[in-house]
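Chemist: Following is a predicted model, sequence given first.
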Amino acid sequence: MSAILSIPALLSSGAALIASPNSAFRQQVLHRLNGRCRPVQQALGGADALAKLEKGQGQILFLDRRLADLDAEELLTVMRKRFPGIQVVLLDSDDTHSDEDCAAELEAQEIVPATRLHRPTASTADPCICQPLPGMIGTSEAMQNVYRMVRLVASRSTTVLIIGPTGTGKELVARALHGLSPRSAKPFVVGNCAAIPEALLESELFGFTRGAFTGAVQSQVGRIPAAHGGTLFLDEISELPLGMQAKLLRFLEQKEIQRLGTCDVTRADVRVVAASNADLAERAGRGEFRLDLFYRLSAFPIDLPTLAERRGDVVPLAEHFLSCMAAALEIPSPRLDENAIRLLEAHP
């Protein structure tokens, strides 16, 4: 694709977003912009860039082809449908880039032309409308963003961190990720880090051999090896003790496990999906959560909206729960009248 706009003309057209997992390269691009864009945001990867664009934080995207979490071409395909007004400059980071290399590259790269920032809504003909994920209800704009993100990353083995308050559907999203992935025929294993006593966490996750400790009358396969070929969902990951965080980090880096009571090391092909209702970055800042583990887990973050942020889904959800309760009681499903609907929609 040939450049259609000059770099100076591009830079005069709005706020910029630099997306690259390479912090040194982001700083090089920022330096070369030399204040010609205001403001300038930075994104650590494709998922982070999409989330910032959804919030309107950029009209010009400097996109590194070497993304850690997504294929850059896949991301561009979604962007062209979702944000046809975003201008994109494709760059290719390299650890050996000099400042001069970066300057020359900025002057020669491909630019996707733009007219105006266009953000389709559910009421317009949006070519990127997504059907709800399996087991989920709602077509609000906030949930559309979630559906798009899940379908974008489902086919990959990228580690995913699902963030949201209790009750927003984090396990449903994890199950949808597994169900839409090439791993769907393999196990989906759940581990709740808050529900397993700290003394048992290592044996529960990694397994143990007979006689490994008092009471170990027979060997047990841990949840990580049980998920081999499939997906391990670690709920309430913020409650994982610091000692176990180090062991989980080693598994994520090496894909190797060692059961209690043996020196044998085995490999496990497992995709990890974690969930938290707490701010892990904030906890890491206080020393309560390992920063390196946070970065490893949050390769692809998905933020779930609260019910207050998806008001259009309140009535369909209420009708669904009414139907479920009626079925359990074996009675006809009642219907919500207009007064009930108004009360639900007005509730804070």
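Modeler: Yep, that arrived. It should be emphasised that the depicted structure is a prediction, and the values quoted were computed from it without experimental measurement.

Chemist: mind listing the strands for the stretch 151-300 of the chain?
Modeler: Ranges of strands in the stretch 151-300 of the chain, per DSSP state E, counting those that start in this stretch, are 160-163, 188-192, 207-208, 220-221, 231-235, 256-257, 266-267, 271-276, 300-303.

Chemist: Mean pLDDT lowest where, among those strands?
Modeler: Lowest mean pLDDT of the strands of the stretch 151-300 of the chain: strand 207-208, a mean of 78.

Chemist: Run the chain-centre distance for that strand.
Modeler: Distance, stretch centre to chain centre, for strand 207-208: 30 Å (CA atoms, centre = their mean, to the nearest Å).

Chemist: And for stretch 73-92?
Modeler: 18 Å.

Chemist: repeat for stretch 313-328
Modeler: With CA atoms, centre = their mean as the basis, stretch 313-328 stands 28 Å off its chain's centre.

Chemist: winner for burial among the strands of the stretch 151-300 of the chain?
Modeler: Across those, averaging neighbours per residue (mean count of other CB atoms under 10 Å) puts strand 271-276 on top, at a mean of 26. The way it works is simple: take the backbone N, C-alpha and C, and place the C-beta from them, glycine included.

Chemist: Show me what it is packed up against.
Modeler: Applying 3 or more CB pairs under 8 Å, 6 or more residues apart in numbering; DSSP states H and E, we find strand 271-276 packed against strand 160-163, helix 170-179, strand 231-235.

Chemist: mind listing what that strand pairs with, with the direction of each?
Modeler: Counting by DSSP bridges, the strands paired with strand 271-276 are strand 160-163 (parallel), strand 231-235 (parallel).

Chemist: how about the strands of the stretch 151-300 of the chain, which one is nearest residue 173?
Modeler: Across the strands of the stretch 151-300 of the chain, residue 173 has its closest neighbour in strand 160-163 (5.3 Å, CB to CB).

Chemist: For that closest one, list the C-alpha coordinates in CSV.
Modeler: C-alpha atoms of strand 160-163 as CSV (Å, rounded to 0.1, in the frame of the first residue of the first chain):
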residue,chain,number,x,y,z
VAL,A,160,-5.9,-13.9,28.9
LEU,A,161,-6.7,-11.9,32.0
ILE,A,162,-10.5,-11.2,32.6
ILE,A,163,-11.1,-8.3,34.8
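
Chemist: How about the secondary structure of the residue nearest to residue 142 when sequence neighbours are not counted?
Modeler: In this structure, residue 142 finds its nearest non-sequential neighbour in residue 305, 3.9 Å apart by CB to CB, 6 or more residues apart in numbering. Using DSSP: H, G, I helix; E, B strand; the rest coil, the structure places residue 305 in coil.

Chemist: wait, what's in contact with residue 305?
Modeler: Residues near residue 305 by CB atoms under 8 Å, 6 or more residues apart in numbering: 140, 142, 143, 146, 164, 168.

Chemist: Got phi/psi on it?
Modeler: Here is the backbone geometry of residue 305 (degrees, to the nearest 10): phi -80, psi 150.

Chemist: cool, and the one 4 residues further on?
Modeler: Here is the backbone geometry of residue 309 (degrees, to the nearest 10): phi -90, psi 0.

Chemist: Could you check the pLDDT of it?
Modeler: At residue 309, pLDDT is 91.

Chemist: Then residue 292?
Modeler: For residue 292, the model assigns a pLDDT of 93.

Chemist: Poorly predicted segments of this structure, please.
Modeler: Within the chain, the ranges that satisfy pLDDT under 70 run 1-14, 35-38, 95-129, 211-217, 261.

Chemist: show me what contacts the most centrally placed residue in it?
Modeler: Residue closest to the mean C-alpha point of the chain, counted by CA atoms, centre = their mean, is residue 301 at 2.6 Å. Shown in contact with residue 301 (CB under 8 Å, 6+ apart): 47, 48, 51, 160, 161, 162, 163.

Chemist: Name whatever forms a beta bridge with the fourth one.
Modeler: With DSSP bridges applied, residue 160 shows beta-bridge pairing to residue 273, residue 300.

Chemist: Tell me the spacing between it and residue 310.
Modeler: Distance from residue 160 to residue 310, counting by CB to CB, to the nearest Å: 20 Å.
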